[in-house]
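**Q** please find the sequence and the predicted model below.
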Amino acid sequence: MKVVIIGGVAGGATAAARLRRLDEHAEIVILERSGYVSYANCGLPYYIGGTIQSQSALTLQTPDSFRSRFNIDVRVQSEATAVDPQAHTVTVRDLRSGTEYTETYDKLILSPGARAIRPPLPGVDSERIYTLRTVEDTLRIRQVVKTQRPQSAIVVGGGFIGLEMAENLMHAGLHTTLIQLDDQVLLPMDPDMAGEIHSYLRAQGLDLHLSTGVTGFEERGDKICALLGDAPSVEADMVVMAIGVAPDSDLAKKAGLTLGVRGSIAVDSHMRTSAPDIYAVGDAVEVTSLATGQKALVSLAGPANRQGRIAADHICGLGSAYGGAQGTSVIKLFDMTAASTGLNEKTARAGGIRFDKVVTYSASHASYYPGARNMVVKTLFDPADGRVLGAQIIGFDGVDKRMDVLAAAIRAGLTAQQLTELDLAYAPPYSSAKDPVNMAGYVIENVRSGLVRQHHWNEVAGLPQDGSVTLLDVRTAAEFQSQGPVRGDAVNIPLDELRGRLDELDPKKPVYVNCYSGLRSYLACRILMQRGFDCSNLSGGWRFWSYAATDRRHDAAPTHLCGAKL
C-alpha cells in the first residue's frame, strides 16, 4: 500500500507516524511545500518574542529523522498542484528546481491546513506588512526585529495569533498597537468575560483599539500607516496581519471534492472525503461541533492531531471515528490565562439552545496559602437538567487544569450535580477543599433549586428607578466608598450588619443585592429570603459588572479572595 500525504504539519505528520506504527510495510510519502515539516505552529510567536530561544526547538521532526525513525519519505519544498481522483495521481512541483512530476497513490490524505487571510486593502502588499503561518514567516519577522530594531508595531486582529504576536512583540521591546474590528478580542469568549481581558491588556501597555476597521495602508517614509476610516490613523515601523485563517482547500476544489462551510473540505466521521481513497484532516476540513451539532471550522492543533490518527486508523482497517470538535482553547496573555470550551452565549443563541449561566469567583488555591489569586469562571448549563454546556475561565494560576476538567465534563455529559461530586486533587498549594469546578456546580444547583434567584450585569441599568425596588450593596463601607456602587441609588448595609438593620429595608419591595464577587450577596439573599423578602443576587458581583459594563483599569493586585463556604 502506498499512502501520499499532502501537508506535513500537525495532522499530516501525525497521520504518517500512526500509519507507520500500524503498517511497517506501507510506502509513505509526505509532500510539504514549505521548507519544514512537523513544526510547532503554535510556538511560532514565542520564538519572535524570545521566549523560545532556539530555532531548532520549533521543529519536532526533520526529513532525515522521519526517514531514520519511521522510514517515511518526506519531501519539503514540494507543492502538490493537482489531484486526479480517477487516476489516483498527484501532480507535484519541486519548488527548488521548478520541475513537475506525477506521484501515484493507493490512499491520499489531504492536510493542507489554512492560509492567513490577507484582505485586498490598498497598500496591503507593502514589504512592511507580515503574516505568520510558517517557520519561514517566523524567521523573517524575527530577523527584522533583531537586525532592523523596529520601535513600534501594529497588529491587526485580536484572535489567538494576534494576541500572542502582540505580547511577544512587546516582549521584544516594541510599542504595540492592536486593532480589532469586533468590539472584543478572543471571540470564543463572551463579551462580558472579554471586558476583563481588555482592561488587563491595556494595563500591560498594549494600545488596544476595538470596534475599529482598517481601510488601508500607506508607507510614509520609513513608517507604515494603518488607515482607520474616519478615525485617526496609526503609524508604526511594521504591521502583522492576524485577522484569521481560511481553509486551504483549492486543491480539493480543483479535484472536484465536495466542500463544506466557508469552502472547507467535507468529510465523514472517518475523515473520508467525497472521493474514494482520499481523506482530509486538520484546519482545512469541516467538522461537527460537539456543542451545537452543526457543521463548523475548528482550527486547533488538538483536533488536527486526532483527525490525522483517525484517518490512519481507517486506512489500516481500524474503526476509529471522529466524534466532533468541542473547541477547547487556552491562551497565555502575559501573566493572565484565558480558556474556554463548549458553548458560549452567542453560539447557544445561534443554535437555538436553551441555557442559563452562573459567574463564580474562586481562589486558585487555598486562600490562606501564599500566592492565591482569583479566577472568574463562567459556566453555561441546561436549566432543565443541569447539564454543563460551556465554560470560560480567566485568571492567573490553575486556569488550564480547571478548564480541562470542565471540558471532560462536557464531553461526558455531566450535570452540575455531578460537578459537585467530582473528587479532585487537593492540597493547599494547588486547590481548595471545594475546587473551583465543584463551586461552579454548587452555584448552579443553588440557582436550579431556587435557593437563590439571580440577575446579571446587563440587567442592572434596566432595573426600575422609581423607588419600587431596592438596590442593596452588602460590601463593607470602605469598599462601597472606594469602589463605588453599581448605581447611584444603591443602599449600603454591610453583610455582617444586615440582620440588625433589616428595619431599614421595605419588605414589600424586591431587593437586588450585590457584593464584590457574588458570595456575600448570596449569603445576604439567604438571610432575606428566609425573612420573606423577594431577593435577587447580582451574578459575579460588582467586580464582574465593573469589567463588563465599564472600562475600568485592571486590579493591580489580588483582592477579596473567595474562600468562604456556600
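**A** Sure, I can see it.
**Q** list the contacts of Ile315.
**A** Counting by CB atoms under 8 Å, 6 or more residues apart in numbering, Ile315 touches 1, 3, 19, 107, 109, 279. Just so you know, the C-beta spots here come from the backbone N, C-alpha and C atoms, and that holds for glycine as well.
**Q** phi, psi for Ala312 please.
**A** phi -60, psi -40 (degrees, to the nearest 10).
**Q** nearest to Ala427 among the contacts of Ile315?
**A** Nearest to Ala427, judged by CB to CB, of these is Leu19 at 42.8 Å.
**Q** hmm, the closest one is touching His25, no?
**A** No: the criterion here is CB atoms under 8 Å, and Leu19 misses it with His25 at 10.8 Å.
**Q** more neighbours, the two?
**A** Taking other CB atoms under 10 Å, Leu19 and His25 do not tie; Leu19 has more neighbours (26 against 7).
**Q** let me know the secondary structure of that one.
**A** helix (DSSP: H, G, I helix; E, B strand; the rest coil).
**Q** residue contacts, the nearest residue to it once chain neighbours are set aside?
**A** Nearest non-adjacent residue to Leu19, counting by CB to CB, 6 or more residues apart in numbering: Ala312, 4.4 Å away. Contacts for Ala312 (CB under 8 Å, 6+ apart) come out as 14-16, 18-19, 22, 109.
**Q** and the furthest pair within those?
**A** Top of the distance list for those (CB to CB): Leu22 and Ile109, 13.5 Å.
**Q** phi and psi next, for Ala130.
**A** In this structure residue 130 is Tyr, not Ala. The phi/psi pair for Tyr130 (degrees, to the nearest 10) is phi -120, psi 160.
**Q** higher neighbour count, Leu22 and Ile109?
**A** Using other CB under 10 Å as the criterion, Leu22 and Ile109 rank with Ile109 on top: 30 against 15.
**Q** that one falls within a strand, correct?
**A** Yes: secondary structure assignment places Ile109 in a strand (three-state DSSP).
**Q** any idea what it is bridged to?
**A** Ile5, Tyr279 (DSSP bridges).
**Q** out of the contacts of Ile315, which is nearest to Asp237?
**A** Ile109 (41.4 Å).
**Q** returning to what we had before: now the contacts of Ala312 as CSV including pLDDT and distance to Cys525?
**A** Below are the contacts of Ala312 laid out as CSV (pLDDT from 0 to 100; distance: CB to CB, whole Å):
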residue, pLDDT, distance to Cys525
Thr14, 96, 51
Ala15, 97, 55
Ala16, 97, 58
Arg18, 98, 54
Leu19, 98, 59
Leu22, 98, 58
Ile109, 98, 57
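**Q** Pro87 - how many residues pack around it?
**A** Not quite, residue 87 is Ala, not Pro. Other residues near Ala87 come to 10 when the count uses other CB under 10 Å.
**Q** am I right that it is in a helix?
**A** No: assessed with three-state DSSP, Ala87 is coil; it does not lie in a helix.
**Q** separation between it and Ala255?
**A** Separation of Ala87 from Ala255 (CB to CB, to the nearest Å) stands at 11 Å.
**Q** show me what contacts the spatially most central residue of the chain?
**A** The residue lying closest to the centre of the chain (CA atoms, centre = their mean) is Ser329, at 4.2 Å. Taking CB under 8 Å, 6+ apart as the criterion, Ser329 is in contact with 160, 188, 300, 339-341.
**Q** which among those residues gets closest to His554?
**A** Nearest member of the contacts of Ser329 to His554, counting by CB to CB, is Ala339, at 17.9 Å.
**Q** how deep is that closest one tucked in, by neighbour count?
**A** Neighbours of Ala339 (other CB under 10 Å): 25.
**Q** which pLDDT value goes with the residue nearest to the centre of the chain?
**A** Per-residue confidence (pLDDT) for Ser329: 97.
**Q** all numbers from here: first residue = 6
**A** Fine by me, first position is 6 from now on; the one you just mentioned is Ser334.
**Q** so the residue lying farthest from the centre of the chain, which state does it fall into?
**A** Note on the chain: the largest C-alpha distance from the chain mean falls to Asp508, namely 48.2 Å (CA atoms, centre = their mean). At Asp508 the chain is in helix, as set by three-state DSSP.
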